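J.: here's a sequence, model it:
(chains A and B)
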There are 2 protein chains.
Amino acid sequence: MTSPLLEQLIDAFRVLPGVGQKSAQRMAYHVLERERDGGRRLAEALAAAVDKVGHCTRCRDFSEAEVCATCASPARDVQQLCVVESPADRLAIEQATGYRGLYYVLQGRLSPLDGIGPNELGLDRLGERLAEGEVIEMIIATNPTVEGEATAHYLGQLARRHKVRPSRLTHGVPLGGELEYVDRGTLSHAFGSRSEMP
Amino acid sequence: MTSPLLEQLIDAFRVLPGVGQKSAQRMAYHVLERERDGGRRLAEALAAAVDKVGHCTRCRDFSEAEVCATCASPARDVQQLCVVESPADRLAIEQATGYRGLYYVLQGRLSPLDGIGPNELGLDRLGERLAEGEVIEMIIATNPTVEGEATAHYLGQLARRHKVRPSRLTHGVPLGGELEYVDRGTLSHAFGSRSEMP
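T.: Sure thing, here's the model as predicted:
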């Protein structure tokens, strides 16, 4: 390497997910050759986000304010609360659906073997929130994995304890997919829960 | 989006090559969820590299010093000069071969339609360097593309004008490849230039 700073930059790029030695080299060369301004902006955005972005005290999603814009918005329906595992899941739902209620981001899922119990996911605070009595429906949108299902089960009980109606995303055949390539579990479930055509 | 800073970060990540909206989101969430220290290091490395890394005055490769470590090293053979298109090409040769000579990085290739002529590639300075008389062999390692070949042709003439011996990387069948999948041009060339077995 001709430049120690360049070497450090390549090394630093490897903290990004899915970026190995070759991609890191490509990114470093690209920034230095063609995108110095963009690189400067990225450095500033990164430093600002890492230092200032914390968690919203209401929904636990990322936010630099104490209460995020969604939680603070008077336009959202406080009677619906959608519980997701991660900020990325929340974003996917927000972008794909017309949902106008609020969110609660667990930042994980129940996983006793990794030491992640109800407290680590802020379920005590979620309970307090349900106890406030505003929420009528809790939409449980954890991932359809074993741990996600266990978390959903726990959340369902929590909701019922506070007289909140729990609901769950429908499982079934994805739109636009081909039956041939749908996994057996999903196909069997979709077949068993078939509905009459209108 | 719950956080404007997060939104800016996702946007800023998109200057990196091969990073679209989804990857940028994934990178931003990954850094904030799991790699705040790494993110801080990346921001610092990026700011430092963008501000301080310029070009070596001898070889035109990236360097924060006026003359890079390779050009300044007394251990390198000044009689051999390897000309490459990009810093990445130089790095690939340095990592794969035992080459101990010096390099010259064009930072591009001849491309008259894009306004890239001999001066943009520093070929005037390369000519002056050859005129110094130290270099005996010039290894032309431009890419085997139409523009790379044209550049190689020009470089070969430049070398001969200064009584320097030009050489070129061998074309042929890649090691470990299968003949079935080698492109026709390469196979035909390798067949035509076959050598007797020892």
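
J.: rest of the way, CA atoms for contacts and neighbours
T.: Will do.

J.: got a list of contacts for stretch A:104-121?
T.: For stretch A:104-121, the surrounding residues in contact (CA atoms under 8 Å, 6 or more residues apart in numbering or on different chains) are A:58-61, A:81-87, A:90, A:122-124, A:126, A:142, A:147-148, A:150-151.

J.: what pLDDT, on average, does it get?
T.: Averaging pLDDT along stretch A:104-121 yields 90.

J.: which single residue in chain A comes nearest to chain B?
T.: Using CA to the nearest CA, the single residue of chain A nearest to chain B is A:Ala43, 4.2 Å away.

J.: what's the closest non-adjacent residue to that residue?
T.: Once flanking residues are discounted, A:Ala43 sits nearest to B:Ala43: 4.2 Å by CA to CA, 6 or more residues apart in numbering or on different chains.

J.: run me through the strand neighbours of the longest strand anywhere in chain A, direction for each.
T.: Scanning chain A for the strand with the most residues, using DSSP state E, yields strand A:77-84. Strand A:77-84 sits in its sheet next to strand A:101-105 (parallel), strand A:137-140 (parallel), going by DSSP bridges.

J.: starting at the chain centroid, how far to that strand?
T.: For strand A:77-84, the separation from the chain centroid amounts to 14 Å (computed by CA atoms, centre = their mean, to the nearest Å).

J.: now the helices for chain A?
T.: Along chain A, the stretches classed as helices by DSSP state H are A:4-13, A:21-34, A:36-52, A:69-72, A:87-96, A:123-131, A:146-161, A:184-192.

J.: dump those to CSV, plus mean neighbour count.
T.: Output for the helices of chain A, formatted as CSV (neighbours: other CA atoms under 10 Å in any protein chain shown):
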stretch, mean neighbour count
helix A:4-13, 21
helix A:21-34, 18
helix A:36-52, 21
helix A:69-72, 17
helix A:87-96, 15
helix A:123-131, 16
helix A:146-161, 17
helix A:184-192, 13
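
J.: of these, which is nearest B:Val15?
T.: Smallest distance to B:Val15 across the helices of chain A (CA to CA): 6.0 Å, for helix A:36-52.

J.: what mean pLDDT does that closest one have?
T.: Averaged across helix A:36-52, pLDDT comes to 94.

J.: helices or strands up against that helix?
T.: Counting by 3 or more CA pairs under 8 Å, 6 or more residues apart in numbering or on different chains; DSSP states H and E, the packing neighbours recorded for helix A:36-52 are helix A:21-34, helix B:4-13, helix B:21-34, helix B:36-52.

J.: wait, what's in contact with the closest residue to A:Arg160 other than its chain neighbours?
T.: Spatial nearest neighbour of A:Arg160, excluding adjacent residues (CA to CA, 6+ apart): A:Pro166 at 7.1 Å. By CA under 8 Å, 6+ apart, A:Pro166 lies in contact with A:137-140, A:156, A:159-160.

J.: A:Val173 too?
T.: By CA under 8 Å, 6+ apart, the residues touching A:Val173 are A:179, A:182, A:186-187, A:190.

J.: any chance of those in a markdown table, plus distance to chain B and pLDDT?
T.: Shown next, in a markdown table, are the contacts of A:Val173 (distance: CA to the nearest CA, whole Å; pLDDT from 0 to 100):
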| residue | distance to chain B | pLDDT |
| --- | --- | --- |
| A:Leu179 | 27 | 84 |
| A:Val182 | 24 | 85 |
| A:Thr186 | 26 | 86 |
| A:Leu187 | 28 | 86 |
| A:Ala190 | 29 | 84 |
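
J.: can you put these in a markdown table and add distance to B:Leu5?
T.: Converted to a markdown table, those look like this (distance: CA to CA, whole Å):
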| residue | distance to B:Leu5 |
| --- | --- |
| A:Leu179 | 42 |
| A:Val182 | 39 |
| A:Thr186 | 39 |
| A:Leu187 | 42 |
| A:Ala190 | 41 |
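
J.: low-confidence ranges, chain A, go.
T.: Along chain A, the model assigns pLDDT under 70 to residues A:1.

J.: spatially central, which residue of it would that be?
T.: When CA atoms, centre = their mean is applied to chain A, the residue found nearest the centroid is A:Ser86 (2.2 Å).

J.: give the closest residue to that residue in space, chain neighbours not counted.
T.: Nearest one to A:Ser86, counting by CA to CA, 6+ apart, is A:Gln107 at 4.9 Å.

J.: what count of nearby residues applies to the one you found?
T.: Here the count is done by other CA atoms under 10 Å in any protein chain shown, and A:Gln107 has 17 residues near it.
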